[in-house]
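> Fold the following, please.
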Amino acid sequence: MAPYSPASSPITTHARQDYSRDLYHCCVSRDAPNKTRFAAAGSTWFAILRHVLQHFTGGPMNVDHWVAAISAGMLSNAIECVPGVYQSRLSVRRVIRLMGHTTPAVILSAPAGSLKRAAMEAQHEAKRQHTSRRIDFGCDLPFTHIPELVKQGFDALERKFQKGDCRILEHYQVARNCLDSCLGDPLCDLLLTLVLTLASCSVTPTVAPQTRHFQVGEKKDSALFAANLATRMLWFLRPRHFPWTEDHQLVLRVPEMTKKIEHKGVSNRLLRELGWVKVIRGHRDTPRNSELELQDVDQLLLFHKELLGLHKDAAAFIRRVFRSHDPVWLDRCSPIVQDRAESR
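Sure thing, here's the model as predicted:
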């Protein structure tokens, strides 16, 4: 199997639930031009759906109910792929493959977060798991070379800063060399496992301020996100390889690089919830670099061993990484999820 590389394919995946939610919000929005992401100018179905959603008077229906109804409608009409956006226009040159399930209305009738809801979701999930699925990054484990997606990210960063701030470029080069040198280390394997898992997601996982769980963030380029996440994780895995207090020759110091990476979707909150770092002082919602250090090595090695043992159970692997039982995360990470029979 070729290494997972979303940047090289016109086909992308999207969790059916996320696509339905985006479509719902687009329909109820007053910003009509947003519809160009979903429907052509002359289409009638969007206007009909929009009218139904904005003027429905048949009883109480919350957002989750509508999302489930839209998902069920697509499934019943065998809609598995939809056109994507190419050069700011809807085009068949870009294809979005819809993955995953829809939540039955009977489950939505139970209060969110309740034990009844959790039990019903678990029962539904057990019924729909007819195939055995495993995690497949498209390369051998343990990692013997930098994965293609991460390499693409570093290449893109090199092109981006070739004529920009050379200190940023040199910092990324140090990170790339550092990553290459630590291949074979179990902690490096864990780093790459987490990077590829999060980067495979059809959304960019984030940890919002004042929260302690993963949620949907603004979508970032997968390759750039992977390279930036790997760089930031390396700061704590190999701190002596990076300048922390002042620039070293042409390499930008870590505090300044932090400002450059923060808006790329990678924050210290994200690293903390991944379990990669631990807070050693302070109580800030977003810890500073100086308030963090690498998680205890024994715990990280245990985490690595646990994930290795879960590669043949994709659902359990994804639940462990995101610390969530919401099956939508498995749908979002579908590029690295394979039916066991297909991966032989």
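> So in the chain, where's the weakest helix or strand by average pLDDT?
One helix or strand of the chain scores below all others by mean pLDDT, DSSP states H and E: helix 105-108, with a mean of 66.
> these two touch, right, Ile146 and Arg176?
Yes: look at Ile146 against Arg176 with Cβ atoms under 8 Å: they come within range, at 7.4 Å. Quick note: C-beta positions are derived from backbone N, CA and C, even for glycine.
> any idea where the helices of the chain begin and end?
Secondary structure of the chain by DSSP state H: the helices cover 16-28, 45-55, 63-76, 105-108, 115-128, 148-161, 166-181, 186-199, 222-237, 254-262, 268-274, 297-309, 314-322, 328-332.
> Just the buried residues of the second one, please?
In terms of neighbour count (16 or more other Cβ atoms under 10 Å), helix 45-55 has its buried residues at Phe46, Leu49, Arg50, Leu53.
> Using JSON lines, please lay out the residues you listed together with distance to Leu192.
Listed next are those as JSON lines, based on distance: Cβ to Cβ, whole Å:
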{"residue": "Phe46", "distance to Leu192": "41"}
{"residue": "Leu49", "distance to Leu192": "42"}
{"residue": "Arg50", "distance to Leu192": "44"}
{"residue": "Leu53", "distance to Leu192": "43"}
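> least reliable of the helices of the chain going by mean pLDDT?
Mean pLDDT per stretch puts helix 105-108 lowest among these, at a mean of 66.
> Which one's more surrounded, Ile146 and Arg176?
Taking other Cβ atoms under 10 Å, Ile146 and Arg176 do not tie; Arg176 has more neighbours (22 against 19).
> Tell me how far the more buried one lies from His241.
11 Å (Cβ to Cβ, to the nearest Å).
> go on, His14?
His14 sits 37 Å away from His241, going by Cβ to Cβ.
> quick one, longest strand in this structure?
If you go by DSSP state E, the chain has its longest strand at strand 89-99.
> That one to helix 63-76, inter-axis angle?
90 degrees (axes from the mean of the first three to the mean of the last three Cα atoms, to 10 degrees).
> For the closest residue to Asp331 other than its chain neighbours, give me its contacts.
Sequence neighbours aside, Gly100 is the residue nearest to Asp331 in space, at 2.9 Å (criterion: Cβ to Cβ, 6 or more residues apart in numbering). Neighbour list for Gly100: Ala15, Arg16, Gln17, Pro327, Val328, Leu330, Asp331, Arg332, Ser334 [criterion: Cβ atoms under 8 Å, 6 or more residues apart in numbering].
> quick one: which of His14 and His241 has more around it?
Shown here are His14 and His241; by other Cβ under 10 Å, His14 has more neighbours (23 against 16).
> ok, what's across the strand from the more buried one?
For His14, the beta-bridge partners are Leu98 (DSSP bridges).
> cool, and Leu292?
Beta-bridge partners of Leu292, as defined by DSSP bridges: Val279.
> how close does it sit to Ala314?
Leu292 sits at a distance of 30 Å from Ala314 (criterion: Cβ to Cβ).
> What sits closest to Thr12 if chain neighbours are left out?
Ile96 (5.7 Å).
> Give me the contacts around the longest strand of the chain.
10-16, 19, 36-40, 74, 79-86, 202, 331-332, 334.
> do the same with stretch 149-160
Outside stretch 149-160, the residues that reach it (Cβ under 8 Å, 6+ apart) are 3-7, 146, 169, 172-173, 175-176, 179, 192, 195-196, 199, 221-228, 230.
> Closest one of the contacts of Gly100 to Val321?
Val321 has its nearest neighbour among the contacts of Gly100 in Leu330, at 10.5 Å by Cβ to Cβ.
> residues in contact with that closest one?
Shown in contact with Leu330 (Cβ under 8 Å, 6+ apart): Gly100, Ala314, Ala315, Ile318, Arg319, Val337.
> Can you tell me the closest non-neighbouring residue to the last one?
If you skip the residues right next to it in sequence, Val337 has Ala314 as its closest partner in space, 4.5 Å away by Cβ to Cβ, 6+ apart.
> quick one: that neighbour from Ser200, how far?
Ala314 is 11 Å from Ser200, by Cβ to Cβ.
> Repeat that for Phe236.
Counting by Cβ to Cβ, the separation of Phe236 from Ser200 is 22 Å.
> who's more crowded, the two?
Comparing Phe236 with Ser200 by other Cβ under 10 Å, the one with more neighbours is Ser200, at 22 against 19.
> thinking that one is in contact with Ser222, fair?
Yes: counting by Cβ under 8 Å, Ser200 does reach Ser222; the two are 7.4 Å apart.
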